[in-house]
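J.: what's the 3D shape of this:
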Amino acid sequence: MASNSDTESDIHPDGGQHGGVQSVDRALAVLEILARDGHAGVSDIAEEMGVHKSTVSRLLGSLVGRDMVHQNSDRGKYQLGFGILRLASSIPGRLSVVREARPIMEGLAEEFKETVNLAVLRSNYAVNVDQAMGPSTLATYDWVGGLTPLHATSSGKVLLAALSADDRDQILKVTGLPARTPRTITNRRKLEEQLVEVARNGYAVVREEFEIGLNSMSVPVHNHMGSVIGAISISGPAFRFDPEKEPGLLDGLKDAGLKVSGRMGYVQR
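T.: Numbering: from 1, shown residues only. This next block holds a predicted model:
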């Protein structure tokens, strides 16, 4: 059996405080690999990390001892354990999507010179819970707290597209599909076809469906479980703002959605 000094020397070649930090860094790297791949063996982890298999075995042993990692008895591979869930369960209640999204929304508004909103699903409507104003003097309306119809707004369509068919049907039976403008989609079949595209493409665009002269584009915000918990939109006057033709806008908005989702614990697969 190796002595404590042999073990420390192998895992922490530099010894002392640096070695301890290195060990923590490696343990976190193991957890990230397992989170990404679902499960992995000692050899796979060692090869990716560029360390000896004995080092990985010791790291896994420590993680198993704290229930952070579990070994699958059938295949001998490792996966995340329930200890991770206990730690993670304390996070969501302390995270505020408004707080986490605020600096990212402000960056979007500054870059694209338009109004950026964060909306969540409440009582069958999309409710705007925060707003970052673009520098344009035309962008002066405060949408915070406003209830907007799901079927006629880009944020609403992102939120609708994320629901199950039964939940969506229940909401739309209550709200109906009233026309806000002549361009509002009021046909259920046509709306459902559009929502399939929204889910597939990862964004929604609305052109003057909620208000004449107003266009918008939205992307989803996910939580640590992968569920859609909100939508970030950017909107502007139709005479100058066509979201799908604005250079870099779609990529910038999608990146913002992923950044906020990441702050909420989401890991993209």
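J.: which residues are in contact with stretch 183-195?
T.: Identification of contacts with stretch 183-195 by CB atoms under 8 Å, 6 or more residues apart in numbering yields 151-152, 157, 160-161, 168, 172, 177-179, 204, 207-210, 212. C-betas here are computed from N, CA, C, even on glycine.
J.: actually stretch 169-181, not the one I typed
T.: 124-125, 149-152, 160, 163, 184-188, 191, 208-212.
J.: how about a cut-off of 10 Å?
T.: 121, 123-125, 148-153, 156, 159-160, 163-164, 184-188, 190-192, 207-214 (CB atoms under 10 Å, 6 or more residues apart in numbering).
J.: Any idea how many residues pack against V144?
T.: Residues within reach of V144, counting by other CB atoms under 10 Å, total 13.
J.: What residues does it make contact with?
T.: V98, N117, L118, A119, V127, N128, V129, D130, Q131.
J.: among these, which are in helices?
T.: Mapping the contacts of V144 onto helices (DSSP state H) picks out V98.
J.: could you dump the contacts of V144 to TSV with pLDDT?
T.: Shown next, in TSV, are those (pLDDT from 0 to 100):
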residue	pLDDT
V98	84
N117	92
L118	93
A119	91
V127	86
N128	87
V129	86
D130	88
Q131	88
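J.: Closest to H52 out of the contacts of stretch 183-195?
T.: Nearest to H52 among the contacts of stretch 183-195, counting by CB to CB, is A161 at 47.6 Å.
J.: tally of neighbours for that closest one?
T.: Under the criterion other CB under 10 Å, the count of neighbours that A161 has is 24.
J.: now swap in the one 10 residues further on and tell me
T.: Close neighbours of I171, defined as other CB under 10 Å, add up to 18.
J.: just to revisit the earlier point, show me the contacts of stretch 169-181 that map onto strands.
T.: Counting by DSSP state E, those place L121, Y125, T148, R207, L214 in strands.
J.: For those residues, work out which two are farthest apart.
T.: Greatest spatial distance among those (CB to CB): L121 and R207, at 22.3 Å.
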